[in-house]
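Enquirer: Predicted model follows, preceded by the sequence.
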Amino acid sequence: MTLSVIIPAHNEAENLRPLLEALVREDGLAGRLHEIIVVDDHSADATAAVAEECAGQDARVRVIRRTGSERGMGFALRDGMQAATGTLIAWVMADRSDHLPTLAAMVDRIEGGDDLVFASRYMPGGSRGELEPLKASLSAGYTVIARWLFGLPVHDITNAYRVFRSELARTIALTRGDFAISPELALKAHRSGFRLGEVPTTYYRRQAGQAKFKMLRMMAVYTWLLRYRFIRTGR
Ligand SMILES: Nc1nc2c(ncn2[C@@H]2O[C@H](COP(=O)(O)OP(=O)(O)OP(=O)(O)O)[C@@H](O)[C@H]2O)c(=O)[nH]1
Ligand SMILES: [Mg+2]
């Protein structure tokens, strides 16, 4: 299996190089790391320049620069997935909030038969780490409701950090351009009969730069997604 790592990045110039260096050093991935696709989106800082510089130094690093009027993490991930050529896709955040050794554990779970594996902060053994308590309670509570409504077998569908078979990206129609793409993929994959799994992880505070997540607005959007339990939109 070959892994395409997709990194959505907006104003992450300070985080990008240390993240890419840590990723290529990640022992557990050994020969499985096929490519890293950085998707820059209208960054006002040097994000694109740093990404291009890293791409010049390592042939596995590719850069997509989004233009046009729309921007958002979901749009960036969707563009990255279209460009990806590996048999597996990982979503990794550019702000170094993800625990990188969890990646190999997720890939192992897919080799064991799962289709979509979440890095889970809220399953036994996982930890919200440095995530603020309010944000953690809201996101954990959201998955509790989704578990109850959909019969989901996992405990953390709001964490974007995950690995899945690239076939999912081809069969599931994703519509969100914002952070809600995380629960959208989870709910639609489950509803389409894909096998969901999870491994414990811990969360780190962003290492530099500014947050782009607007909590109240996103919780409203996440709640709206729960309608998929009652109506069929796309797959
Ligand atoms: N390409 C792209 N990436 C984005 C956009 N908005 C956010 N991101 C990236 O998506 C990831 C998550 O965004 P964050 O701002 O860290 O959101 P968060 O984790 O809820 O907030 P923090 O508490 O600051 O970590 C980061 O890698 C961002 O750079 C965007 O509009 N376009
Ligand atoms: Mg973050």
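Expert: Done, it's in. Ligands and ions are numbered 1, 2, ... in the order given.

Enquirer: Let me see the ranges of the strands in this structure.
Expert: Applying DSSP state E to the chain gives strands spanning 3-9, 33-41, 61-66, 88-91, 116-120, 162-165, 196-200.

Enquirer: what residues does the second one touch?
Expert: Identification of contacts with strand 33-41 by Cβ atoms under 8 Å, 6 or more residues apart in numbering yields 2-10, 16, 20, 23-24, 26, 47-48, 51, 54-55, 60-66, 71-72, 75-77, 79-80, 83-86, 94. All C-beta atoms are positioned from the backbone trio N, CA, C, and that covers glycine.

Enquirer: Which one, of the strands of the chain, ends up nearest to His190?
Expert: His190 lies closest to strand 196-200 among the strands of the chain, at 5.7 Å (Cβ to Cβ).

Enquirer: coming back round to it: need the strands of the chain in CSV with mean pLDDT, distance to Ile145 and mean neighbour count, can you?
Expert: Listed next are the strands of the chain as CSV, based on pLDDT from 0 to 100; distance: least, Cβ to Cβ, whole Å; neighbours: other Cβ atoms under 10 Å:
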stretch, mean pLDDT, distance to Ile145, mean neighbour count
strand 3-9, 98, 26, 27
strand 33-41, 97, 30, 23
strand 61-66, 98, 32, 19
strand 88-91, 98, 22, 24
strand 116-120, 98, 16, 27
strand 162-165, 98, 19, 26
strand 196-200, 98, 16, 21
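
Enquirer: closest to ligand 2 out of the ones you listed?
Expert: For ligand 2, the closest of the strands of the chain is strand 3-9, at 10.4 Å, according to Cβ to the ion.

Enquirer: can you give me the angle that closest one makes with strand 61-66?
Expert: Relative orientation of strand 3-9 versus strand 61-66 (axes from the mean of the first three to the mean of the last three Cα atoms, to 10 degrees): 40 degrees.

Enquirer: Strand partners (parallel or antiparallel) of strand 3-9?
Expert: strand 33-41 (parallel), strand 88-91 (parallel) (DSSP bridges).

Enquirer: Let me know whether the last one sits next to ligand 1.
Expert: No - looking at strand 88-91 against ligand 1 by Cβ under 6 Å from any ligand atom, there are no contacts, and the closest approach is 9.2 Å.

Enquirer: so how far is that strand off the chain centroid?
Expert: Offset of strand 88-91 from its chain centre (Cα atoms, centre = their mean, to the nearest Å): 8 Å.

Enquirer: swap in stretch 85-92?
Expert: 10 Å.

Enquirer: repeat for stretch 173-192
Expert: For stretch 173-192, the distance to the chain centre is 11 Å (Cα atoms, centre = their mean).

Enquirer: Would you mind putting the CA coordinates of that stretch into PDB?
Expert: Provided in PDB are the C-alpha atoms of stretch 173-192 (Å, rounded to 0.1, in the frame of the first residue of the first chain):
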ATOM      1  CA  ALA A 173     -19.500  12.700  -3.100                       C
ATOM      2  CA  LEU A 174     -18.200  15.300  -0.700                       C
ATOM      3  CA  THR A 175     -19.800  18.700  -0.800                       C
ATOM      4  CA  ARG A 176     -18.300  20.700   2.100                       C
ATOM      5  CA  GLY A 177     -15.600  23.200   1.500                       C
ATOM      6  CA  ASP A 178     -15.100  24.000   5.200                       C
ATOM      7  CA  PHE A 179     -14.100  22.100   8.400                       C
ATOM      8  CA  ALA A 180     -17.400  20.100   8.200                       C
ATOM      9  CA  ILE A 181     -15.800  17.900   5.600                       C
ATOM     10  CA  SER A 182     -14.400  15.800   8.500                       C
ATOM     11  CA  PRO A 183     -17.800  14.600   9.900                       C
ATOM     12  CA  GLU A 184     -19.300  14.600   6.300                       C
ATOM     13  CA  LEU A 185     -16.800  12.000   5.100                       C
ATOM     14  CA  ALA A 186     -17.300   9.900   8.300                       C
ATOM     15  CA  LEU A 187     -21.100   9.900   8.100                       C
ATOM     16  CA  LYS A 188     -21.300   9.200   4.400                       C
ATOM     17  CA  ALA A 189     -18.600   6.400   4.500                       C
ATOM     18  CA  HIS A 190     -20.500   4.700   7.300                       C
ATOM     19  CA  ARG A 191     -23.800   5.100   5.500                       C
ATOM     20  CA  SER A 192     -22.300   3.600   2.300                       C
END
